[in-house]
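# for reference, the sequence and a predicted model appear below.
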Amino acid sequence: MNEASVAERNRRRFVAANGSRTRESGIATSYIRLQNALVAWSEVLSAGALLEQRTAAETVVVLPEADAVLRADGESVNAPARSISILPAGASSIEAKAPGYIIRVFAPVPEALANLAINAEDYRQPCAGVNPIGAPLTYSGAPGIRVYPIDQFKAAAGRRPPSFQTGTMNVMWIEREGLTDRTKLDPHSHDDFEEGALVVAGEYVEHLRTPWAADAWAWREDEHVTCRPGTLIIVPPTVIHTTETLGTGRHLMLNIFAPARSDHIKSGMVLNAEDYSSI
């Protein structure tokens, strides 16, 4: 791959929009990946539809608008709308109670699903500068399925977005009402990890600026990308970025990091961190 092709591949990593789907028994799913994680965006077309998986690591399940029944290791749990849940490794299933969306996050990327990602080609070669997951953090909490209703945990989170982790990743629930105050944006960058930002509700503009470096092939103009539900914004290391909401009403975004961010854990932002070995 020549230098121009590498630059084009990296540019595509900024935004991977909802695209081709797999269909199974009343559910249509799009897969989009980061280097260390895979997002499955599933549209449930009918109540009772079932998603099944078998994984080597824990799976995060986000229910933004409809209840579901989660099953694993002989356990069955009702998970409400507006919740983040964690399924243990191994065989598990999700039964939808109503039409809506189910979001799953896998880390590391399961080999059986990697080629289903609409941006799989962008990761035939690893993204430079992204830390690997390494050894997973050890879970020491109560066994079984864990369900975290967002509205119950907002008080514990305070002014910070509720964030929950597994041994290999953490997911933040970032919810806003109305327009962002344009005088209070937060442009920043990360040195050694990708950030995934999945738009679940509302509309956003993601502002992206790539710092100049010695390799002129990597230079590019600032980008201001309008993002709607079903879009995963992928921010590579060192890229300066900030997010702005558009329009009135509710906006919901999930921020995804794999491995779990040690700075978030140490600062108390991750609400279930005490269930895992410390960093």
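Nice, I can see it.

# just the helices from the stretch 1-150 of the chain, written as ranges.
Using DSSP state H, counting those that start in this stretch, the helices of the stretch 1-150 of the chain run over residues 3-12, 111-114, 150-157.

# ranking those by mean pLDDT, which is last?
Summarising mean pLDDT across these, the least confident stretch is helix 3-12, with a mean of 50.

# tell me the contacts of residue 199?
When contacts are counted by Cβ atoms under 8 Å, 6 or more residues apart in numbering, residue 199 touches 227, 228, 229, 230, 231, 232, 233, 252, 253. C-beta: built from backbone N, CA, C; applies to glycine.

# ChimeraX command for the buried members of the residues you listed?
Buried residues among the contacts of residue 199 (16 or more other Cβ atoms under 10 Å), as a ChimeraX selection:
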select :227,229,230,231,232,233,252,253
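
# out of the contacts of residue 199, which are inside helices?
Within the contacts of residue 199, membership in helices is found for no residue, as judged by DSSP state H.

# just send the contacts of residue 199 back as TSV, with pLDDT and distance to residue 240 too.
Supplementary listing: the contacts of residue 199 in TSV, determined by pLDDT from 0 to 100; distance: Cβ to Cβ, whole Å:
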residue	pLDDT	distance to residue 240
227	92	17
228	91	23
229	92	25
230	91	25
231	91	20
232	92	19
233	92	13
252	98	24
253	97	18
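
# in TSV: the contacts of residue 199, plus distance to residue 56.
As requested, these are arranged in TSV below (distance: Cβ to Cβ, whole Å):
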residue	distance to residue 56
227	31
228	33
229	29
230	27
231	28
232	22
233	27
252	29
253	28
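
# for the contacts of residue 199, which one is nearest residue 81?
For these, the closest approach to residue 81 (Cβ to Cβ) belongs to residue 252, at 12.0 Å.

# for the stretch 51-200 of the chain, which spans come out with low pLDDT?
Judged against pLDDT under 70, the stretch 51-200 of the chain has no low-scoring part.

# what are the ranges of the strands in it?
When assigned using DSSP state E, counting those that start in this stretch, the strands of the stretch 51-200 of the chain occupy the ranges 59-63, 68-72, 75-79, 83-87, 90-96, 100-106, 146-149, 163-165, 170-177, 195-201.

# test my guess that residue 172 contacts residue 163.
Yes: between residue 172 and residue 163 there is a contact at 4.3 Å, judged by Cβ atoms under 8 Å.

# hey, what's in contact with both of these two?
Common contacts of residue 172 and residue 163, defined by Cβ under 8 Å, 6+ apart, comprise residue 269.

# higher neighbour count, the two?
With other Cβ atoms under 10 Å as the criterion, residue 172 and residue 163 differ in neighbour count, and residue 163 comes out ahead with 25 against 22.

# residues in contact with that one?
With contact set as Cβ under 8 Å, 6+ apart, residue 163 has these partners: 157, 170, 171, 172, 173, 264, 269, 270, 271.

# what about the helices in the stretch 151-279 of the chain?
For the stretch 151-279 of the chain, applying DSSP H, counting those that start in this stretch gives helices covering 262-266.

# rewinding a little: which one of the contacts of residue 199 is nearest to residue 192?
Using Cβ to Cβ, residue 233 is the member of the contacts of residue 199 that lies nearest residue 192, at 18.5 Å.
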